[in-house]
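K.L.:
got a sequence here, can you build the structure:
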Amino acid sequence: MKNNYLESIIKQFEYYKQLGEKAIDQVNDEQLNWQFNPESNSIATIVKHLWGNMLSRWTDFLNTDGEKEWRNREAEFDNDISERNELMQKWEEGWDCLLNSLNSLKEDDLEKIIYIRNQGHTVVEAINRQLAHYSYHIGQVVFLARMLAGGDWKSLSIPRGKSQQYNAQKFSQKKGKRHFTDEFINKKDE
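P.N.:
Numbering: from 1, shown residues only. Have a look, this model is predicted:
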């Protein structure tokens, strides 16, 4: 079960990473900083927050508190990333930190106690906490990108009006164990 958990959770994180990338790819550079109002976050701000959180939570996470002293969480919400390259560098740096940490875990690590803001979590609890947090923000990125792309939006899952066709194709296949993210990870654009 523990090996399956690690394999599954890594696929989950990779799936959300790819969803975010496919959404970000569908907006122009100016739209990355668009805000509905001064109190809302742009795609760039959400990415900056994810980056800061990932570096803080996953750097030496088995040994040090997940809320690092060097983290400046408030600055993560400044809408000041001006170039797509900078945005994507932060995106990759955060995800690399997370995925490298997860890939380094051993079964014995899963029940260890780690701390986030001085609150103890098993490693499994901490991973689940961050999966929920990151998927929440990736959903925001997708929602913003979909609004901004308008009629040019390319669906990231089952396109509207294609559910019946999609289900027919799925039920025509032999039953088997597959992770639900397999078909979406590294899927070529249609």
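K.L.:
ok, now which ones touch the residue lying farthest from the centre of the chain?
P.N.:
Summary for the chain: using CA atoms, centre = their mean, the residue whose C-alpha lies farthest from the chain's mean C-alpha position is residue 172, with a distance of 31.4 Å. The neighbourhood of residue 172, defined by CB atoms under 8 Å, 6 or more residues apart in numbering, contains no residues. Using the backbone N, CA and C atoms, a C-beta is placed for each residue, glycine as well.
K.L.:
report pLDDT for it.
P.N.:
Taken from the predicted model, the pLDDT recorded for residue 172 is 87.
K.L.:
please apply the same query to residue 189.
P.N.:
The model's pLDDT for residue 189 equals 45.
K.L.:
likewise residue 2?
P.N.:
Reading off the confidence values, residue 2 has pLDDT 56.
K.L.:
start at 45 instead
P.N.:
Yep, numbering from 45; the last one is residue 46 now.
K.L.:
the strands in the chain, which residues?
P.N.:
Counting by DSSP state E, the chain has these strands, from start to end: 157-160, 163-166.
K.L.:
show me which residues of the last one are buried.
P.N.:
To tie it back to what came earlier, the one meant is strand 163-166. By neighbour count with 16 or more other CB atoms under 10 Å, strand 163-166 contains the buried residues residue 165.
K.L.:
helices or strands next to the biggest helix by length in the chain in the packing?
P.N.:
Ordering each helix of the chain by length in residues (DSSP state H) puts helix 167-193 first. With contacts defined as 3 or more CB pairs under 8 Å, 6 or more residues apart in numbering; DSSP states H and E, helix 167-193 has these neighbours: helix 46-68, helix 87-102, strand 157-160.
K.L.:
what angle do it and helix 87-102 make?
P.N.:
With axes from the mean of the first three to the mean of the last three CA atoms, to 10 degrees as the basis, helix 167-193 and helix 87-102 are set at 170 degrees to each other.
K.L.:
pull out the buried positions in helix 167-193.
P.N.:
Taking 16+ other CB under 10 Å as the neighbour-count basis, helix 167-193 is seen to contain the buried residues 167-171, 174, 178-179, 181-182, 184-186, 188-190, 192-193.
K.L.:
what does stretch 133-153 give?
P.N.:
The neighbour-count criterion (16+ other CB under 10 Å) identifies 134-135, 138-139, 141-143, 145-146, 149, 153 as the buried residues of stretch 133-153.
K.L.:
specify which member of those is nearest to residue 64.
P.N.:
Distance to residue 64 across these (CB to CB) is lowest for residue 135, with 7.5 Å.
K.L.:
give the full set of residues in contact with the closest one.
P.N.:
64-65, 68, 91, 94-95.
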